[in-house]
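In: this one's structure only:
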C-alpha cells in the first residue's frame with residue numbers, strides 16, 4: 001500500500017509478487033501471476049502492463065484496499081465481504097498441524113491485483129477481527145493504514161500529531177523518550193515499530 005502510494009514501478013510490483021506475496025500465499029495452490037488486460041477498441045496493446053496502464057492497475061488496487069480497510073474498521077461489517085471473498089474463491093480453508101481450520105489467501109491464475117491484495121486483508125482480518133475494530137485507521141490526511149488505538153481516537157496517524165514546539169530537557173523528559181527518528185520510544189519497541 002505504501003509502495004504504490006510512493007510510485008512503485010513494474011519491477012517493484014514483480015518483486016512484491018515473487019517475494020512477500022508468494023510467501024503469504026505459500027499454503028495455497030500456486031497460480032499464474034498476471035494482471036488483467038485492458039479492453040481496447042483498437043485491438044490489444046503491445047504492452048498492456050506498461051506505463052500508465054500498470055500505474056492505473058496498482059492505484060485501483062490501492063483504492064479498493066483503502067475502501068475495504070475503512071469498512072473493516074466498522075462494527076458489524078464483516079459478513080458481506082467475507083462471504084463475497086469465499087464465494088469468489090479469494091481464500092481457501094486448510095487444516096493446520098493440530099487439525100484446526102484456517103483460511104489462507106489464494107494465488108489463482110489471472111487473478112486481478114486488487115483481489116490478490118483483498119484476499120490478504122480478509123485472511124488477516126479473520127485471524128484477529130478485534131484488532132481491526134479496535135485500532136485500524138485509514139488516515140484521512142495521508143491515506144496511511146495504521147493499527148493504533150490512539151490514532152483511531154483522534155482520527156489521524158502519528159505523522160500528523162500536533163507538536164507544541166516546546167523543548168523539555170532533563171531526566172525523564174519527552175526528549176529522552178524519543179529515538180533519533182523522532183518517534184516515541186514506545187512505538188519503536190512495538191511490533192509495528194520494529195517492522196517498519
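Out: Structure received. Quick caveat: nothing in here was measured; it's all calculated off a predicted structure.

In: which SSE is residue 15 in?
Out: Assessed by DSSP states H and E, residue 15 sits inside helix 10-16.

In: buried sites along that helix?
Out: 13, 16 (16 or more other CB atoms under 10 Å). Using the backbone N, CA and C atoms, a C-beta is placed for each residue, glycine as well.

In: what packs against that helix?
Out: Judged by 3 or more CB pairs under 8 Å, 6 or more residues apart in numbering; DSSP states H and E, the packing partners of helix 10-16 are helix 51-72.

In: can you name the next helix or strand after the helix it packs on?
Out: Scanning forward in sequence from helix 51-72 by DSSP H and E, the next helix or strand is helix 78-87.

In: from the contact counts, what lies against that next one?
Out: Counting contacts by 3+ CB pairs under 8 Å, 6+ apart, helix 78-87 packs against helix 51-72, helix 113-127.

In: confidence-wise, which of these is weakest overall?
Out: Averaged per stretch, pLDDT over the helices and strands packed on helix 78-87 is lowest on helix 51-72, reaching a mean of 88.

In: other SSEs contacting it?
Out: Counting contacts by 3+ CB pairs under 8 Å, 6+ apart, helix 51-72 is packed against helix 2-5, helix 10-16, helix 78-87, helix 113-127, strand 136-138, strand 145-147.

In: what's the most buried one of these?
Out: Ranked by mean neighbour count under mean count of other CB atoms under 10 Å, the helices and strands packed on helix 51-72 are led by strand 136-138, which reaches a mean of 22.

In: among the helices and strands packed on helix 51-72, which comes closest to residue 154?
Out: Nearest of the helices and strands packed on helix 51-72 to residue 154, taken as CB to CB: strand 136-138 at 9.0 Å.

In: strand partners (parallel or antiparallel) of the closest one?
Out: Sheet pairing of strand 136-138 (DSSP bridges) gives strand 145-147 (antiparallel).

In: how about low-confidence regions in this protein?
Out: Scanning the chain for pLDDT under 70 picks out the ranges 31-51, 76-79, 162-196.

In: domain assignment for the chain?
Out: According to automatic domain parsing, the chain comprises the domains 2-127, 164-196.

In: hang on, the earlier thing: same list, the helices and strands packed on helix 78-87, but as TSV with distance to residue 97 please.
Out: Below are these laid out as TSV (distance: least, CB to CB, whole Å):
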stretch	distance to residue 97
helix 51-72	28
helix 113-127	16
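
In: out of those helices, the one nearest residue 29 is which?
Out: When the helices and strands packed on helix 78-87 are compared by CB to CB, helix 113-127 sits nearest residue 29, at 13.2 Å.
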